[in-house]
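> I'd like to go over a predicted model; first the sequence, then the structure.
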Amino acid sequence: GYRMSNITPAAGPFPQFERETVRETEEEIFYIDSYGRTVHDFKHKATIPEWVEFPVKCPDDLRRYLDQHFDVADLDARFPDDWEDKARAAQARGDIVMIDGGCYYWTLRSIAGVDGASYLLFDAPELVDELCERYFTVVMEGLRRAVEIVTVDVIGFGEDFAFKTGPLLSPEMFRRFILPRYAKAMAFAHEHGVDLTWHDSDGDCRALLPDMLKVGVNSTVPCEVAANMDPVALRAQFGRDLRIGGGFDKRIVAQGPEAVKAELKRLEPVIREGGYIPGIDHSVPADVSWDHYRAYLEIMMEVTKMI
């Protein structure tokens with residue numbers, strides 16, 4: 001198989017917060033993570049953590065966060081000393097080389113939460129714009145340096161800007177704060193022969209896909225089926241212009257091999273057309289048994305091998 005190497009410099013909070021345990025029990029732990037959030041997690045089982053408190057609660061907090069963790073005056077500091085060596089090594093190994101094109105809503109939500117981000121988009125648009133511009137400044141410096149030393153294969157975007165029934169921000173807000181940065185990053189990428197993207201968002205982001213496609217962001221992953229992101233319907237709506245990753249309903253895996261075979265038969269025409277890499281539409285839930293998961297992998301490998 002192929003390995004993807006991400007050669008993005010430190011594009012988020014810099015310096016990051018040091019991890020610090022707030023309190024813990026035999027089963028649970030509360031800690032400060034790299035964004036400065038207070039996180040509630042379990043020690044002995046895997047789950048999505050609960051974010052208990054965010055460092056940005058108001059515009060003043062965002063101003064302070066920008067000053068303390070988003071200074072872009074010294075861009076060299078965001079590139080590790082071995083960054084160039086690692087980028088060249090990834091190229092030499094034959095890895096798929098990916099670099100960041102933007103994680104804008106991701107960053108705002110990570111420091112303020114979904115509710116906090118929603119208020120800040122209205123209450124402090126100039127600060128949100130500044131946060132996006134500073135992130136974009138690092139992204140573009142990474143792109144500029146990368147194309148000088150390696151062949152970049154994929155531009156990556158990580159947003160998680162949608163939930164089950166639609167985006168977490170309006171299309172208007174997306175066009176105001178995020179889309180212009182996507183457009184500039186992709187214009188630069190196209191100038192250097194990079195046409196493929198890997199855009200990560202859970203949920204139903206169909207309302208934003210036409211704008212994304214217009215500026216060259218031509219993918220969606222993990223294509224969450226429970227949020228109406230069905231690969232068959234997406235292919236009918238957008239054609240092969242939209243590349244898809246994921247899109248195999250994790251709930252079907254829990255039902256066993258026969259259900260998996262039936263779903264793959266439904267997806268097979270899209271797989272055969274290309275531009276679609278099938279896979280479970282996010283992490284594997286606890287109700288999927290080990291035997292069912294192994295059967296899913298075996299069936300998936302057999303079907304994709306034939307195609």
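It's in. Numbers count the residues shown, from 1 in each chain.
> could you list every helix and strand that the helix or strand where Tyr135 lies packs against?
Assessed by DSSP states H and E, Tyr135 sits inside helix 125-149. The contact analysis (3 or more CB pairs under 8 Å, 6 or more residues apart in numbering; DSSP states H and E) places helix 125-149 against helix 59-69, helix 83-93, strand 96-102, helix 104-123, helix 179-191. For every residue, glycine as well, the C-beta is placed using N, CA and C.
> buried stuff in the first one?
This means helix 59-69. Going by neighbour count (16 or more other CB atoms under 10 Å), the buried part of helix 59-69 is 59, 61-62, 65-66, 69.
> got it, and the last one?
Of the residues in helix 179-191, those scored as buried under the neighbour-count criterion (16+ other CB under 10 Å) are 179, 181-186, 188-189.
> quick check, nearest of those residues to Lys45?
Tyr182 (36.8 Å; CB to CB).
> residues contacting the closest one?
Taking CB atoms under 8 Å, 6 or more residues apart in numbering as the criterion, Tyr182 is in contact with 101-102, 157, 212, 215-217.
> so of the residues you listed, which ones are in helices?
In helices, judged by DSSP state H, the following of those are found: Met212.
> turn the contacts of Tyr182 into CSV, including distance to Leu131 and neighbour count.
Supplementary listing: the contacts of Tyr182 in CSV, determined by distance: CB to CB, whole Å; neighbours: other CB atoms under 10 Å:
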residue, distance to Leu131, neighbour count
Gly101, 16, 29
Gly102, 12, 28
Phe157, 16, 27
Met212, 20, 24
Val215, 20, 17
Gly216, 23, 19
Val217, 20, 26
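> widest-spaced pair of the contacts of Tyr182?
The two members of these with the most space between them (CB to CB) are Gly102 and Gly216, at 12.3 Å.
> thinking again about what came up before, what mean pLDDT does the helix holding Tyr135 have?
Mean pLDDT, helix 125-149: 98.
> list the buried residues for it?
By neighbour count with 16+ other CB under 10 Å, helix 125-149 contains the buried residues 127-128, 131-132, 134-143, 145-147.
> now stretch 202-212
Buried residues in stretch 202-212 (16+ other CB under 10 Å): 202-206, 208-209, 211-212.
> so where is this structure shaky, pLDDT-wise?
1, 306-307 (pLDDT under 70).
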